[in-house]
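Student: sequence and computational prediction follow.
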Amino acid sequence: MDGAVTSDAISAVFAAQCVKAAERRLTFGYAERRAALEKLTEAVRRYEPEILAAFAADFGKPEAEVVFTEILPVTQEIRHTLKHLRRWMRPSRVSSSLPTFGTSAQVMAQPRGVCLIISPWNYPLNLCLGPLVSCLAAGNSAMLKPSEMTPAVSAVIARLIAETFPPDLVTVVEGGKDVSAVLLALPFDHIFFTGSPAVGRIVMEAAAKNLASVTLELGGKSPVIVGPDADIEQAAKWIAFGKFVNAGQTCIAPDYLFVHASMKERLLALLRERIAKAYGDGAQSPHLARIVNDHHARRLSGLLDDAKAKGARVVSGGEAEARAMAPTLIEAITPEMEIGREEIFGPILPIIAFDDIEQVITQINARPKPLSLYVFDRNNAFVERVLAATTSGGAGVNLTMLHFTHPDLPFGGVNNSGIGMAHGLYGFLAFSHQRAVLRNRFSLVPLVFPPYEGRAKRLIDLAKRFLG
Ligand code: NAD
(Lines give C-alpha, C1' and ligand atoms only; values in the text may rest on other atoms or scores of the structure.)
Protein backbone atom coordinates (compact mmCIF):
# COMPACT_ATOMS: atom_id res chain seq x y z
CA MET A 1 0.00 0.00 0.00
CA ASP A 2 1.30 3.45 -0.91
CA GLY A 3 2.66 6.12 1.40
CA ALA A 4 2.41 6.26 5.13
CA VAL A 5 -1.27 5.33 5.41
CA THR A 6 -1.72 1.87 6.75
CA SER A 7 -4.91 -0.09 6.79
CA ASP A 8 -4.77 -0.08 10.61
CA ALA A 9 -4.67 3.73 10.62
CA ILE A 10 -7.62 3.85 8.21
CA SER A 11 -9.61 1.38 10.32
CA ALA A 12 -8.87 3.40 13.47
CA VAL A 13 -10.24 6.63 11.96
CA PHE A 14 -13.26 4.78 10.62
CA ALA A 15 -13.92 3.28 14.07
CA ALA A 16 -13.61 6.73 15.66
CA GLN A 17 -16.16 8.15 13.20
CA CYS A 18 -18.52 5.21 13.85
CA VAL A 19 -18.31 5.66 17.63
CA LYS A 20 -19.49 9.24 17.21
CA ALA A 21 -22.21 8.49 14.64
CA ALA A 22 -25.05 7.91 17.14
CA GLU A 23 -24.01 10.89 19.26
CA ARG A 24 -23.86 13.10 16.16
CA ARG A 25 -27.58 12.53 15.51
CA LEU A 26 -28.19 14.50 18.71
CA THR A 27 -25.28 16.92 18.72
CA PHE A 28 -24.70 17.79 15.04
CA GLY A 29 -27.78 19.92 14.48
CA TYR A 30 -28.50 22.95 12.36
CA ALA A 31 -26.15 25.34 14.21
CA GLU A 32 -23.23 22.90 14.23
CA ARG A 33 -23.64 22.00 10.55
CA ARG A 34 -23.85 25.65 9.66
CA ALA A 35 -20.68 26.36 11.63
CA ALA A 36 -18.88 23.46 9.89
CA LEU A 37 -19.82 24.78 6.45
CA GLU A 38 -18.79 28.32 7.33
CA LYS A 39 -15.42 26.97 8.52
CA LEU A 40 -15.05 25.16 5.22
CA THR A 41 -15.65 28.37 3.24
CA GLU A 42 -13.10 30.22 5.36
CA ALA A 43 -10.56 27.43 4.91
CA VAL A 44 -11.00 27.36 1.12
CA ARG A 45 -10.52 31.13 0.98
CA ARG A 46 -7.49 31.00 3.26
CA TYR A 47 -5.92 28.25 1.19
CA GLU A 48 -6.53 29.91 -2.16
CA PRO A 49 -2.82 30.67 -2.87
CA GLU A 50 -1.83 27.06 -2.06
CA ILE A 51 -4.72 25.75 -4.14
CA LEU A 52 -3.69 27.83 -7.17
CA ALA A 53 -0.07 26.70 -6.83
CA ALA A 54 -1.09 23.06 -6.51
CA PHE A 55 -3.16 23.23 -9.70
CA ALA A 56 -0.27 24.84 -11.54
CA ALA A 57 2.02 22.04 -10.34
CA ASP A 58 -0.37 19.18 -11.11
CA PHE A 59 -1.59 20.14 -14.56
CA GLY A 60 -0.85 23.74 -15.39
CA LYS A 61 -4.46 24.77 -14.96
CA PRO A 62 -4.86 28.53 -15.57
CA GLU A 63 -5.57 30.47 -12.36
CA ALA A 64 -8.81 31.99 -13.65
CA GLU A 65 -10.05 28.52 -14.56
CA VAL A 66 -9.16 27.22 -11.07
CA VAL A 67 -11.14 30.05 -9.52
CA PHE A 68 -14.22 29.62 -11.60
CA THR A 69 -14.34 25.84 -12.05
CA GLU A 70 -12.91 24.67 -8.72
CA ILE A 71 -13.10 27.26 -5.95
CA LEU A 72 -16.30 29.14 -6.80
CA PRO A 73 -18.43 26.00 -7.30
CA VAL A 74 -17.50 24.87 -3.76
CA THR A 75 -18.12 28.23 -2.09
CA GLN A 76 -21.34 28.66 -4.10
CA GLU A 77 -22.53 25.21 -3.05
CA ILE A 78 -21.93 26.20 0.57
CA ARG A 79 -23.69 29.54 0.15
CA HIS A 80 -26.74 27.90 -1.43
CA THR A 81 -26.81 25.18 1.23
CA LEU A 82 -26.61 27.69 4.08
CA LYS A 83 -29.50 29.60 2.56
CA HIS A 84 -31.78 26.56 2.49
CA LEU A 85 -30.44 24.17 5.12
CA ARG A 86 -32.97 24.97 7.84
CA ARG A 87 -35.84 24.21 5.44
CA TRP A 88 -34.20 21.06 4.07
CA MET A 89 -33.69 19.74 7.61
CA ARG A 90 -37.27 20.42 8.71
CA PRO A 91 -39.40 17.26 8.78
CA SER A 92 -42.02 17.47 6.05
CA ARG A 93 -45.69 16.74 6.84
CA VAL A 94 -47.64 14.28 4.74
CA SER A 95 -51.45 14.17 4.73
CA SER A 96 -53.33 11.08 5.90
CA SER A 97 -54.99 8.54 3.65
CA LEU A 98 -58.30 6.88 4.59
CA PRO A 99 -56.72 3.76 6.17
CA THR A 100 -54.31 5.99 8.16
CA PHE A 101 -57.10 8.29 9.38
CA GLY A 102 -56.34 9.37 12.94
CA THR A 103 -52.55 9.45 12.50
CA SER A 104 -50.04 12.12 11.55
CA ALA A 105 -47.25 11.45 9.07
CA GLN A 106 -43.83 12.98 8.62
CA VAL A 107 -40.70 12.43 6.56
CA MET A 108 -37.54 13.14 8.58
CA ALA A 109 -34.19 13.53 6.84
CA GLN A 110 -31.66 11.74 9.02
CA PRO A 111 -27.91 11.54 8.51
CA ARG A 112 -26.85 8.32 6.84
CA GLY A 113 -23.90 8.11 9.25
CA VAL A 114 -20.30 7.54 8.21
CA CYS A 115 -19.69 8.30 4.54
CA LEU A 116 -16.89 7.65 2.07
CA ILE A 117 -16.24 10.18 -0.70
CA ILE A 118 -13.88 9.03 -3.48
CA SER A 119 -13.06 11.66 -6.07
CA PRO A 120 -11.32 11.87 -9.46
CA TRP A 121 -8.40 13.97 -10.66
CA ASN A 122 -10.06 16.11 -13.32
CA TYR A 123 -11.71 18.65 -10.99
CA PRO A 124 -9.89 17.46 -7.91
CA LEU A 125 -11.00 20.18 -5.49
CA ASN A 126 -14.54 20.78 -6.73
CA LEU A 127 -15.43 17.07 -6.88
CA CYS A 128 -13.95 16.29 -3.47
CA LEU A 129 -15.19 19.24 -1.39
CA GLY A 130 -18.48 19.70 -3.31
CA PRO A 131 -19.90 16.36 -2.10
CA LEU A 132 -18.46 17.07 1.36
CA VAL A 133 -20.72 20.14 1.57
CA SER A 134 -23.83 17.98 1.07
CA CYS A 135 -22.42 15.30 3.38
CA LEU A 136 -21.89 17.73 6.28
CA ALA A 137 -25.17 19.55 5.58
CA ALA A 138 -26.96 16.23 6.02
CA GLY A 139 -25.20 15.69 9.36
CA ASN A 140 -22.72 12.95 8.46
CA SER A 141 -19.03 12.39 9.01
CA ALA A 142 -16.78 11.69 6.03
CA MET A 143 -13.60 10.03 4.95
CA LEU A 144 -12.32 11.64 1.75
CA LYS A 145 -10.10 9.84 -0.76
CA PRO A 146 -8.93 12.36 -3.38
CA SER A 147 -7.15 11.23 -6.52
CA GLU A 148 -3.51 10.17 -6.46
CA MET A 149 -3.11 11.58 -9.99
CA THR A 150 -3.20 15.18 -8.74
CA PRO A 151 -0.92 14.76 -5.71
CA ALA A 152 -0.32 18.47 -5.05
CA VAL A 153 -4.04 19.26 -4.89
CA SER A 154 -4.69 16.16 -2.78
CA ALA A 155 -2.00 17.23 -0.31
CA VAL A 156 -3.54 20.71 -0.03
CA ILE A 157 -6.98 19.19 0.57
CA ALA A 158 -5.48 16.96 3.29
CA ARG A 159 -3.87 19.94 5.06
CA LEU A 160 -6.94 22.15 4.68
CA ILE A 161 -9.24 19.49 6.14
CA ALA A 162 -6.88 18.50 8.97
CA GLU A 163 -6.66 22.14 10.02
CA THR A 164 -10.43 22.65 9.86
CA PHE A 165 -12.13 19.52 11.22
CA PRO A 166 -11.44 16.89 13.88
CA PRO A 167 -10.62 13.52 12.28
CA ASP A 168 -13.73 11.91 13.78
CA LEU A 169 -15.78 14.34 11.65
CA VAL A 170 -13.76 14.61 8.41
CA THR A 171 -10.51 12.89 7.48
CA VAL A 172 -8.60 12.78 4.22
CA VAL A 173 -6.89 9.56 3.26
CA GLU A 174 -4.41 10.06 0.43
CA GLY A 175 -3.39 7.28 -1.91
CA GLY A 176 -4.32 5.27 -4.96
CA LYS A 177 -6.44 2.24 -5.66
CA ASP A 178 -4.84 0.14 -2.88
CA VAL A 179 -6.01 2.71 -0.36
CA SER A 180 -9.41 2.84 -2.09
CA ALA A 181 -9.67 -0.93 -1.76
CA VAL A 182 -8.97 -0.79 1.99
CA LEU A 183 -11.60 1.92 2.40
CA LEU A 184 -14.14 0.09 0.27
CA ALA A 185 -13.87 -3.00 2.45
CA LEU A 186 -15.14 -1.01 5.46
CA PRO A 187 -18.89 -0.97 6.20
CA PHE A 188 -19.60 2.68 5.37
CA ASP A 189 -23.21 3.83 5.54
CA HIS A 190 -22.95 5.62 2.20
CA ILE A 191 -20.38 5.79 -0.58
CA PHE A 192 -20.28 8.78 -2.89
CA PHE A 193 -17.99 7.98 -5.82
CA THR A 194 -17.05 10.20 -8.73
CA GLY A 195 -14.97 8.62 -11.48
CA SER A 196 -15.07 6.26 -14.41
CA PRO A 197 -17.85 3.74 -15.09
CA ALA A 198 -15.25 0.92 -14.84
CA VAL A 199 -14.26 1.84 -11.28
CA GLY A 200 -17.91 2.65 -10.50
CA ARG A 201 -18.65 -1.06 -11.00
CA ILE A 202 -15.88 -2.00 -8.52
CA VAL A 203 -17.30 0.49 -6.00
CA MET A 204 -20.84 -0.83 -6.37
CA GLU A 205 -19.66 -4.40 -5.93
CA ALA A 206 -17.80 -3.46 -2.75
CA ALA A 207 -20.83 -1.53 -1.48
CA ALA A 208 -23.04 -4.56 -2.11
CA LYS A 209 -21.00 -6.61 0.39
CA ASN A 210 -22.05 -4.23 3.18
CA LEU A 211 -25.33 -3.13 1.58
CA ALA A 212 -24.06 0.44 1.69
CA SER A 213 -26.08 2.91 -0.34
CA VAL A 214 -24.18 4.53 -3.22
CA THR A 215 -24.14 7.64 -5.31
CA LEU A 216 -22.12 7.03 -8.46
CA GLU A 217 -21.17 10.06 -10.51
CA LEU A 218 -19.64 8.51 -13.62
CA GLY A 219 -18.77 9.50 -17.17
CA GLY A 220 -19.13 8.44 -20.78
CA LYS A 221 -19.44 9.98 -24.20
CA SER A 222 -21.65 13.08 -24.15
CA PRO A 223 -22.94 14.01 -27.63
CA VAL A 224 -23.66 17.46 -29.07
CA ILE A 225 -26.11 18.06 -31.87
CA VAL A 226 -26.08 21.23 -33.94
CA GLY A 227 -29.36 21.38 -35.89
CA PRO A 228 -30.16 23.05 -39.21
CA ASP A 229 -31.61 26.16 -37.52
CA ALA A 230 -28.92 26.64 -34.88
CA ASP A 231 -27.51 30.04 -34.03
CA ILE A 232 -24.20 28.83 -35.32
CA GLU A 233 -22.04 31.57 -33.82
CA GLN A 234 -23.41 30.95 -30.34
CA ALA A 235 -23.08 27.21 -30.85
CA ALA A 236 -19.39 27.53 -31.79
CA LYS A 237 -18.67 29.66 -28.70
CA TRP A 238 -20.36 27.30 -26.25
CA ILE A 239 -18.96 24.16 -27.84
CA ALA A 240 -15.38 25.46 -27.92
CA PHE A 241 -15.69 26.52 -24.29
CA GLY A 242 -17.27 23.25 -23.12
CA LYS A 243 -14.80 21.12 -25.03
CA PHE A 244 -11.54 22.89 -24.24
CA VAL A 245 -11.96 24.17 -20.68
CA ASN A 246 -9.71 22.02 -18.46
CA ALA A 247 -8.23 20.78 -21.79
CA GLY A 248 -11.32 18.66 -22.39
CA GLN A 249 -10.76 16.66 -19.20
CA THR A 250 -14.35 17.19 -18.09
CA CYS A 251 -17.00 14.55 -17.47
CA ILE A 252 -19.69 16.66 -19.17
CA ALA A 253 -17.49 17.95 -22.00
CA PRO A 254 -18.95 17.49 -25.48
CA ASP A 255 -17.31 14.22 -26.50
CA TYR A 256 -18.41 14.10 -30.16
CA LEU A 257 -20.44 16.40 -32.32
CA PHE A 258 -23.15 15.90 -34.94
CA VAL A 259 -23.74 18.90 -37.18
CA HIS A 260 -26.37 19.26 -39.87
CA ALA A 261 -24.57 18.90 -43.21
CA SER A 262 -25.80 22.35 -44.32
CA MET A 263 -23.99 23.95 -41.36
CA LYS A 264 -20.80 21.93 -41.22
CA GLU A 265 -18.34 24.15 -43.09
CA ARG A 266 -19.57 27.28 -41.32
CA LEU A 267 -19.34 25.60 -37.90
CA LEU A 268 -15.81 24.35 -38.59
CA ALA A 269 -14.73 27.84 -39.63
CA LEU A 270 -16.28 29.40 -36.52
CA LEU A 271 -14.79 26.77 -34.21
CA ARG A 272 -11.35 27.41 -35.72
CA GLU A 273 -11.88 31.13 -35.17
CA ARG A 274 -12.89 30.61 -31.53
CA ILE A 275 -9.92 28.33 -30.89
CA ALA A 276 -7.53 30.87 -32.42
CA LYS A 277 -9.03 33.65 -30.32
CA ALA A 278 -9.07 31.72 -27.04
CA TYR A 279 -5.90 29.66 -27.42
CA GLY A 280 -3.82 31.57 -29.94
CA ASP A 281 -0.59 29.74 -29.04
CA GLY A 282 -2.20 26.32 -29.51
CA ALA A 283 -0.78 23.62 -27.30
CA GLN A 284 1.40 26.10 -25.38
CA SER A 285 -1.40 28.57 -24.63
CA PRO A 286 -1.38 29.83 -21.02
CA HIS A 287 -5.18 29.67 -21.18
CA LEU A 288 -5.19 25.93 -21.76
CA ALA A 289 -4.66 23.34 -19.01
CA ARG A 290 -2.16 20.55 -19.57
CA ILE A 291 -2.97 16.85 -19.83
CA VAL A 292 -2.85 15.40 -16.33
CA ASN A 293 0.03 12.95 -16.86
CA ASP A 294 2.17 11.21 -19.48
CA HIS A 295 -0.08 8.17 -19.54
CA HIS A 296 -3.11 10.24 -20.55
CA ALA A 297 -1.04 12.34 -23.00
CA ARG A 298 0.09 9.11 -24.71
CA ARG A 299 -3.47 7.74 -24.64
CA LEU A 300 -4.79 10.88 -26.40
CA SER A 301 -2.02 10.91 -29.00
CA GLY A 302 -2.75 7.22 -29.54
CA LEU A 303 -6.45 7.95 -30.14
CA LEU A 304 -5.54 10.62 -32.67
CA ASP A 305 -2.95 8.44 -34.46
CA ASP A 306 -5.40 5.53 -34.64
CA ALA A 307 -8.10 7.81 -36.11
CA LYS A 308 -5.68 9.33 -38.65
CA ALA A 309 -4.38 5.90 -39.67
CA LYS A 310 -7.98 4.80 -40.31
CA GLY A 311 -8.79 7.82 -42.49
CA ALA A 312 -9.83 10.65 -40.13
CA ARG A 313 -8.91 14.17 -41.24
CA VAL A 314 -7.45 16.69 -38.78
CA VAL A 315 -9.25 19.98 -39.43
CA SER A 316 -7.38 21.99 -36.86
CA GLY A 317 -4.80 21.41 -34.10
CA GLY A 318 -3.36 17.96 -33.66
CA GLU A 319 -0.01 19.12 -32.29
CA ALA A 320 1.05 17.63 -28.97
CA GLU A 321 4.27 18.11 -27.08
CA ALA A 322 4.69 16.17 -23.88
CA ARG A 323 1.59 17.03 -21.83
CA ALA A 324 0.52 20.02 -23.93
CA MET A 325 -2.06 19.22 -26.60
CA ALA A 326 -3.60 21.76 -28.97
CA PRO A 327 -7.39 22.03 -29.26
CA THR A 328 -8.07 19.60 -32.08
CA LEU A 329 -10.97 19.14 -34.50
CA ILE A 330 -11.22 15.99 -36.61
CA GLU A 331 -13.71 14.66 -39.13
CA ALA A 332 -14.35 11.60 -41.31
CA ILE A 333 -14.83 9.37 -38.29
CA THR A 334 -15.71 5.69 -38.79
CA PRO A 335 -16.93 3.07 -36.30
CA GLU A 336 -13.60 1.21 -36.47
CA MET A 337 -11.79 4.09 -34.77
CA GLU A 338 -11.05 3.89 -31.05
CA ILE A 339 -11.96 7.55 -30.69
CA GLY A 340 -15.59 6.67 -31.45
CA ARG A 341 -15.67 4.09 -28.69
CA GLU A 342 -13.91 5.33 -25.54
CA GLU A 343 -14.56 8.55 -23.61
CA ILE A 344 -12.04 10.98 -25.12
CA PHE A 345 -11.43 13.08 -22.00
CA GLY A 346 -9.06 15.47 -23.75
CA PRO A 347 -9.04 18.36 -26.26
CA ILE A 348 -10.04 16.39 -29.37
CA LEU A 349 -13.47 16.91 -30.92
CA PRO A 350 -14.70 14.54 -33.65
CA ILE A 351 -17.25 16.13 -35.96
CA ILE A 352 -19.83 14.14 -37.89
CA ALA A 353 -22.21 15.63 -40.50
CA PHE A 354 -25.82 14.43 -40.63
CA ASP A 355 -28.89 14.90 -42.83
CA ASP A 356 -31.52 13.03 -40.85
CA ILE A 357 -31.88 13.68 -37.11
CA GLU A 358 -33.62 10.32 -36.65
CA GLN A 359 -30.38 8.56 -37.61
CA VAL A 360 -28.47 10.64 -35.07
CA ILE A 361 -31.01 9.71 -32.39
CA THR A 362 -30.65 6.02 -33.29
CA GLN A 363 -26.85 6.26 -33.01
CA ILE A 364 -27.02 8.00 -29.62
CA ASN A 365 -29.54 5.49 -28.31
CA ALA A 366 -27.34 2.60 -29.44
CA ARG A 367 -24.68 3.66 -26.91
CA PRO A 368 -24.73 3.64 -23.10
CA LYS A 369 -26.78 6.53 -21.71
CA PRO A 370 -24.56 9.62 -21.61
CA LEU A 371 -23.95 11.98 -18.70
CA SER A 372 -24.94 15.02 -20.76
CA LEU A 373 -26.46 15.74 -24.13
CA TYR A 374 -26.35 19.12 -25.82
CA VAL A 375 -28.59 20.34 -28.59
CA PHE A 376 -28.33 23.62 -30.48
CA ASP A 377 -31.25 24.83 -32.55
CA ARG A 378 -33.73 27.71 -32.61
CA ASN A 379 -36.53 25.41 -33.71
CA ASN A 380 -38.37 24.21 -30.62
CA ALA A 381 -39.87 21.19 -32.33
CA PHE A 382 -36.37 19.98 -33.28
CA VAL A 383 -35.08 20.44 -29.74
CA GLU A 384 -38.11 18.79 -28.14
CA ARG A 385 -37.87 15.83 -30.53
CA VAL A 386 -34.23 15.25 -29.53
CA LEU A 387 -34.99 15.62 -25.81
CA ALA A 388 -38.01 13.31 -25.96
CA ALA A 389 -36.33 10.59 -28.03
CA THR A 390 -33.06 10.35 -26.05
CA THR A 391 -32.00 10.18 -22.42
CA SER A 392 -28.96 11.42 -20.50
CA GLY A 393 -28.07 12.48 -16.96
CA GLY A 394 -28.62 16.14 -17.84
CA ALA A 395 -29.14 18.14 -20.98
CA GLY A 396 -28.19 21.58 -22.26
CA VAL A 397 -30.14 23.47 -24.90
CA ASN A 398 -28.18 26.15 -26.76
CA LEU A 399 -25.38 25.93 -24.17
CA THR A 400 -22.85 23.50 -22.76
CA MET A 401 -21.72 22.73 -19.20
CA LEU A 402 -23.77 25.38 -17.43
CA HIS A 403 -26.35 22.97 -16.05
CA PHE A 404 -23.64 21.73 -13.64
CA THR A 405 -23.66 25.07 -11.88
CA HIS A 406 -27.42 25.54 -11.43
CA PRO A 407 -27.97 25.17 -7.69
CA ASP A 408 -31.53 23.83 -7.98
CA LEU A 409 -30.93 21.28 -10.74
CA PRO A 410 -30.00 17.71 -9.85
CA PHE A 411 -26.62 16.66 -11.23
CA GLY A 412 -25.96 13.03 -12.08
CA GLY A 413 -26.05 10.31 -14.70
CA VAL A 414 -28.23 7.39 -15.72
CA ASN A 415 -27.00 3.78 -15.50
CA ASN A 416 -23.56 3.75 -17.18
CA SER A 417 -23.11 7.49 -16.54
CA GLY A 418 -24.21 7.27 -12.92
CA ILE A 419 -26.70 6.44 -10.21
CA GLY A 420 -28.13 9.09 -7.89
CA MET A 421 -27.97 12.84 -7.88
CA ALA A 422 -25.78 15.58 -6.40
CA HIS A 423 -25.90 19.33 -5.73
CA GLY A 424 -28.12 21.45 -3.52
CA LEU A 425 -31.21 19.73 -2.18
CA TYR A 426 -30.43 16.62 -4.26
CA GLY A 427 -26.99 16.33 -2.67
CA PHE A 428 -28.51 16.79 0.78
CA LEU A 429 -31.02 14.01 0.01
CA ALA A 430 -28.27 11.72 -1.34
CA PHE A 431 -26.55 11.88 2.05
CA SER A 432 -29.80 11.58 4.04
CA HIS A 433 -32.02 8.71 4.99
CA GLN A 434 -35.67 9.63 4.49
CA ARG A 435 -37.21 8.21 7.62
CA ALA A 436 -40.98 7.75 7.54
CA VAL A 437 -42.59 8.50 10.91
CA LEU A 438 -46.28 7.80 11.52
CA ARG A 439 -47.75 8.89 14.87
CA ASN A 440 -50.97 7.41 16.19
CA ARG A 441 -53.57 9.84 17.50
CA PHE A 442 -56.90 8.04 17.20
CA SER A 443 -56.37 5.42 14.51
CA LEU A 444 -59.44 3.25 13.87
CA VAL A 445 -57.40 0.30 12.59
CA PRO A 446 -57.60 -1.62 15.95
CA LEU A 447 -61.30 -2.15 15.12
CA VAL A 448 -60.24 -4.72 12.52
CA PHE A 449 -57.66 -6.56 14.62
CA PRO A 450 -58.31 -10.34 14.97
CA PRO A 451 -60.32 -12.36 15.69
CA TYR A 452 -61.80 -11.71 12.24
CA GLU A 453 -65.43 -12.13 13.15
CA GLY A 454 -68.35 -9.93 14.05
CA ARG A 455 -67.54 -6.21 13.74
CA ALA A 456 -63.98 -6.75 12.52
CA LYS A 457 -65.19 -8.97 9.70
CA ARG A 458 -67.99 -6.54 8.75
CA LEU A 459 -65.56 -3.62 8.65
CA ILE A 460 -63.07 -5.52 6.47
CA ASP A 461 -65.93 -6.43 4.07
CA LEU A 462 -66.99 -2.78 4.03
CA ALA A 463 -63.41 -1.64 3.38
CA LYS A 464 -63.16 -4.09 0.50
CA ARG A 465 -66.39 -2.69 -0.99
CA PHE A 466 -65.34 0.95 -0.74
CA LEU A 467 -61.54 0.87 -0.96
CA GLY A 468 -60.82 -2.29 -3.00
P1 NAD B 1 -11.10 6.79 -11.94
O2 NAD B 1 -12.37 6.01 -11.88
O3 NAD B 1 -9.90 6.16 -12.53
O4 NAD B 1 -10.65 7.23 -10.45
C5 NAD B 1 -11.53 7.86 -9.57
C6 NAD B 1 -11.13 7.54 -8.14
O7 NAD B 1 -11.21 6.13 -7.94
C8 NAD B 1 -9.71 7.95 -7.77
O9 NAD B 1 -9.72 8.49 -6.47
C10 NAD B 1 -8.94 6.65 -7.83
O11 NAD B 1 -7.86 6.59 -6.90
C12 NAD B 1 -9.98 5.61 -7.45
N13 NAD B 1 -9.71 4.33 -8.09
C14 NAD B 1 -9.10 4.10 -9.28
N15 NAD B 1 -9.06 2.78 -9.55
C16 NAD B 1 -9.66 2.17 -8.51
C17 NAD B 1 -9.93 0.80 -8.19
N18 NAD B 1 -9.57 -0.18 -9.02
N19 NAD B 1 -10.55 0.53 -7.04
C20 NAD B 1 -10.94 1.52 -6.21
N21 NAD B 1 -10.71 2.83 -6.44
C22 NAD B 1 -10.08 3.15 -7.57
O23 NAD B 1 -11.48 8.16 -12.64
P24 NAD B 1 -10.53 9.36 -13.03
O25 NAD B 1 -9.63 8.93 -14.14
O26 NAD B 1 -9.93 9.96 -11.82
O27 NAD B 1 -11.61 10.40 -13.59
C28 NAD B 1 -12.09 10.35 -14.90
C29 NAD B 1 -13.46 9.71 -14.97
O30 NAD B 1 -14.33 10.28 -14.03
C31 NAD B 1 -14.10 9.94 -16.33
O32 NAD B 1 -14.80 8.78 -16.73
C33 NAD B 1 -15.08 11.06 -16.05
O34 NAD B 1 -16.14 11.16 -16.96
C35 NAD B 1 -15.53 10.73 -14.68
N36 NAD B 1 -16.03 11.90 -13.98
C37 NAD B 1 -17.35 11.99 -13.67
C38 NAD B 1 -17.84 13.11 -13.04
C39 NAD B 1 -19.29 13.26 -12.68
O40 NAD B 1 -19.61 14.19 -11.92
N41 NAD B 1 -20.19 12.42 -13.15
C42 NAD B 1 -16.97 14.15 -12.75
C43 NAD B 1 -15.64 14.02 -13.08
C44 NAD B 1 -15.17 12.89 -13.68
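Tutor: Happy to help now that I have it.

Student: how many other residues sit next to the residue nearest to H406 when sequence neighbours are not counted?
Tutor: Nearest residue to H406 in three dimensions, chain neighbours excluded: H423, at 7.9 Å (CB to CB, 6 or more residues apart in numbering). All C-beta atoms are positioned from the backbone trio N, CA, C, and that covers glycine. H423 has 26 neighbouring residues, counting by other CB atoms under 10 Å.

Student: correct me, but H423 touches H403?
Tutor: No. Under the criterion of CB atoms under 8 Å, H423 makes no contact with H403, lying 9.9 Å away.

Student: list the residues that contact the residue in the stretch 151-300 of the chain that the ligand sits nearest to.
Tutor: Using CB to the nearest ligand atom, the closest approach of the stretch 151-300 of the chain to the ligand is made by G219 at 1.9 Å. Contacts for G219 (CB atoms under 8 Å, 6 or more residues apart in numbering) come out as 195-197, 251, 343, 345, 371, 413, 417.

Student: rebuild these as a markdown table, extending it with distance to A142, secondary structure and pLDDT.
Tutor: Below are these laid out as a markdown table (distance: CB to CB, whole Å; DSSP: H, G, I helix; E, B strand; the rest coil; pLDDT from 0 to 100):
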| residue | distance to A142 | secondary structure | pLDDT |
| --- | --- | --- | --- |
| G195 | 17 | coil | 98 |
| S196 | 22 | coil | 98 |
| P197 | 23 | helix | 97 |
| C251 | 21 | coil | 97 |
| E343 | 27 | coil | 96 |
| F345 | 27 | coil | 97 |
| L371 | 24 | coil | 98 |
| G413 | 22 | coil | 98 |
| S417 | 24 | coil | 98 |
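
Student: filter those residues down to the ones near the ligand?
Tutor: For the ligand, the contacts drawn from these by CB under 6 Å from any ligand atom are 195-196, 251, 343, 345, 371, 413.

Student: now those residues in TSV, with distance to T390 and neighbour count?
Tutor: Listed next are the ones next to the ligand among the contacts of G219 as TSV, based on distance: CB to CB, whole Å; neighbours: other CB atoms under 10 Å:
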residue	distance to T390	neighbour count
G195	24	22
S196	22	16
C251	18	26
E343	18	18
F345	21	24
L371	13	28
G413	14	28
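
Student: enumerate the residues of this protein near the ligand.
Tutor: Counting by CB under 6 Å from any ligand atom, the residues of the chain close to the ligand are 118-123, 127, 145, 147-148, 176-177, 180-181, 194-196, 199, 202, 217-219, 251, 343, 345, 371, 413, 418.

Student: how about the nearest residue to the closest residue to the ligand within the stretch 1-150 of the chain, chain neighbours excluded?
Tutor: Nearest residue of the stretch 1-150 of the chain to the ligand (CB to the nearest ligand atom) works out as P120 at 3.0 Å. What sits nearest to P120 in space, not counting adjacent residues and going by CB to CB, 6+ apart, is G195, at 4.5 Å.

Student: for the ligand, see how far away R341 is.
Tutor: Using CB to the nearest ligand atom, to the nearest Å, we find R341 at a distance of 14 Å from the ligand.

Student: count the residues that sit near that residue.
Tutor: So R341, with other CB under 10 Å, has 12 neighbours.

Student: quick one, grab the pLDDT at it.
Tutor: At R341, the pLDDT value in this model is 93.

Student: flag the shaky bits of this structure, pLDDT-wise.
Tutor: Low-confidence segments of the chain (pLDDT under 70): 1-4.

Student: can you list the domains in it?
Tutor: 7-218+418-435, 223-405 (automatic domain parsing).

Student: let me have those domains in JSON lines, adding distance to G468 as columns.
Tutor: As requested, these are exported to JSON lines (distance: least, CB to CB, whole Å):
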{"stretch": "domain 7-218+418-435", "distance to G468": "12"}
{"stretch": "domain 223-405", "distance to G468": "37"}
